[in-house]
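# Task: produce atomic coordinates for the following.
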Amino acid sequence: MTSIHDLARETGVSTATVSRALRGLPRVSEDTRRRVMEAAVRLGYVPSPHAVGLASGGQTRTVAIVVLFVTRWFFATVISGAEQVLRERGYDVLLYNLDDDQEARRRVLGTHLLTKRVDAMLIVGLGPTPQEVHWLSNQGMPVVTVGARVAQWPSVRVDDELVARTAVQHLLELGHRRIAYVGMLNDASLSLATPRARARGYRDTLRDAGIEPDPDLELEGGFTLEGGTSAGDRLLALSPRPTAVFCASDEMAFGVLRAARRKGLRVPEDLSVVGVDDHEMAALFDLTTVRQPVLEQGRLAARHVLRLMAPQESDEVVSDHVELGTELVVRGTTGLAPAPASASPGAGGEGTKAGVDR
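Numbers count the residues shown, from 1 in each chain. The predicted structure follows:
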């Protein structure tokens, strides 16, 4: 079997240069890259993980991506963006889906489980505890976070308080005063930075407008369609019910729209709904939402990881803590209709129904 050393002898360059040429890394001349590629084809070279590791200083060429819920759209999209960048640079991804499992979290972030199995770690949507930060830092593990800011590690995020403020301010400007919130409220064991910031932004914006937040209007949605539907059913059964709902994710907003449709409410005449993300299905639901660049967060985080692992191979000058912008996208679930003066449990009508039936 042809080895990386055979290619090095055939082309007259070092094994490290052969490895860089095969992986498409910079600082290899086009002529050298062409000769290496031609020799690889001619000799039938198949990369050996052991040889690649030797040529790259003992690296595993694998990056761990740790997420809470791999099935949620946000996490899956961040993973996709990161994996694209890492794959282009010849790295594999080892995915750890914690799925709200505290024991799994302890094994991944507080033991030797990943020692010598990965070269770096990308943590998505999870705020590491001080103990986890201390442990991983002591292992010399390069770490980048998405969604949470940790002083010791590079991060990529959006301003989640501003996200909430943007959504709630839009509803206030339409005349709404009884505005509900659907998000994740019971996250004490998870250390989730994003839900806490969005709930805080919602409450602070109401207070700034002279409205004291009503705990009865804040419901758990679990960042899922089903959770949003359940929360919507409960909110729309209140008397008086809210005239608007801010959901901390589009998936929960889809659920609230579903609940409104089943109750025969018109959107936005009887109820306005705002989400967060600009999910790929948001336009289909005509959902007003605060757009965040989800795919780009994954890509930028992966570039940070590459820079930490091989600074000599990166020509990018990137801030350690990147905060990306967001944008309010106004669609039909708020529109330009003024808020209803009041809302009772049975309010509705024969007009346009919620969601895709508009």
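
# hang on, Arg117 packs against Thr62?
Yes. With contact defined as Cβ atoms under 8 Å, Arg117 reaches Thr62; the gap is 6.8 Å. C-beta coordinates here come from the backbone N, C-alpha and C atoms, glycine included.

# of these two, who's got more company?
Using other Cβ atoms under 10 Å, the more surrounded residue of Arg117 and Thr62 is Thr62, with 16 against 11.

# Got the phi and psi for the more buried one?
phi -130, psi 140 (degrees, to the nearest 10).

# which residues of the stretch 201-350 of the chain fall in strands?
Here the stretch 201-350 of the chain has its strands, by DSSP state E, counting those that start in this stretch, at 218-220, 244-247, 272-277, 288-291, 321-324, 327-329.

# And the first one, what's buried?
Of the residues in strand 218-220, those scored as buried under the neighbour-count criterion (16 or more other Cβ atoms under 10 Å) are 218-220.

# Asp208: how many residues sit nearby?
Per other Cβ under 10 Å, the neighbour tally for Asp208 reads 12.

# on that earlier part again, winner for burial among the strands of the stretch 201-350 of the chain?
Across these, averaging neighbours per residue (mean count of other Cβ atoms under 10 Å) puts strand 244-247 on top, at a mean of 31.

# Parallel or antiparallel, list what pairs with that one.
With DSSP bridges as the test, strand 244-247 is paired with strand 179-183 (parallel), strand 272-277 (parallel).

# quick check: mean pLDDT across the longest one?
Per-residue pLDDT values over strand 272-277 give a mean of 98.

# Show me how far stretch 15-28 is from its chain's centre.
In terms of Cα atoms, centre = their mean, to the nearest Å, the centre of stretch 15-28 is found 32 Å from the chain centre.

# and what of stretch 186-205?
15 Å.

# can you list the weak-confidence ranges in the stretch 201-350 of the chain?
Within the stretch 201-350 of the chain, the segments meeting pLDDT under 70 span 312-318, 336-339, 341-350.

# Apply 90 and report the result again.
Low-confidence regions of the stretch 201-350 of the chain, defined by pLDDT under 90, span residues 307-321, 335-350.

# For burial, what's the neighbour tally of Met121?
Neighbour number of Met121 under other Cβ under 10 Å is 24.

# And Leu113, by the same measure?
When neighbours are defined as other Cβ under 10 Å, Leu113 has 14 of them.

# Ok, the one 3 residues further on next?
Counted with other Cβ under 10 Å, the neighbours of Lys116 add up to 9.

# Tell me which residues touch it, please.
Taking Cβ atoms under 8 Å, 6 or more residues apart in numbering as the contact definition, Lys116 lies against Thr60.

# residue contacts, Asn138?
Applying Cβ under 8 Å, 6+ apart, we find Asn138 in contact with no residue.

# re earlier: let me have the strands of the stretch 201-350 of the chain in TSV, adding distance to Ala104 as columns.
Output for the strands of the stretch 201-350 of the chain, formatted as TSV (distance: least, Cβ to Cβ, whole Å):
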stretch	distance to Ala104
strand 218-220	22
strand 244-247	28
strand 272-277	25
strand 288-291	31
strand 321-324	27
strand 327-329	35
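
# of all those, which lies closest to Ala302?
Proximity to Ala302, assessed across these by Cβ to Cβ, is greatest for strand 321-324 (12.2 Å).

# Please list the residues outside that closest one that contact it.
149, 154-159, 292-293, 296-297, 300, 304.

# I'd like the strands paired with strand 244-247 as JSON lines, with distance to Gly335 appended.
What follows is these, written out as JSON lines (distance: least, Cβ to Cβ, whole Å):
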{"stretch": "strand 179-183", "distance to Gly335": "16"}
{"stretch": "strand 272-277", "distance to Gly335": "8"}
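
# closest to Arg241 out of those?
Arg241 lies closest, by Cβ to Cβ, to one member of the strands paired with strand 244-247: strand 179-183, at 8.5 Å.
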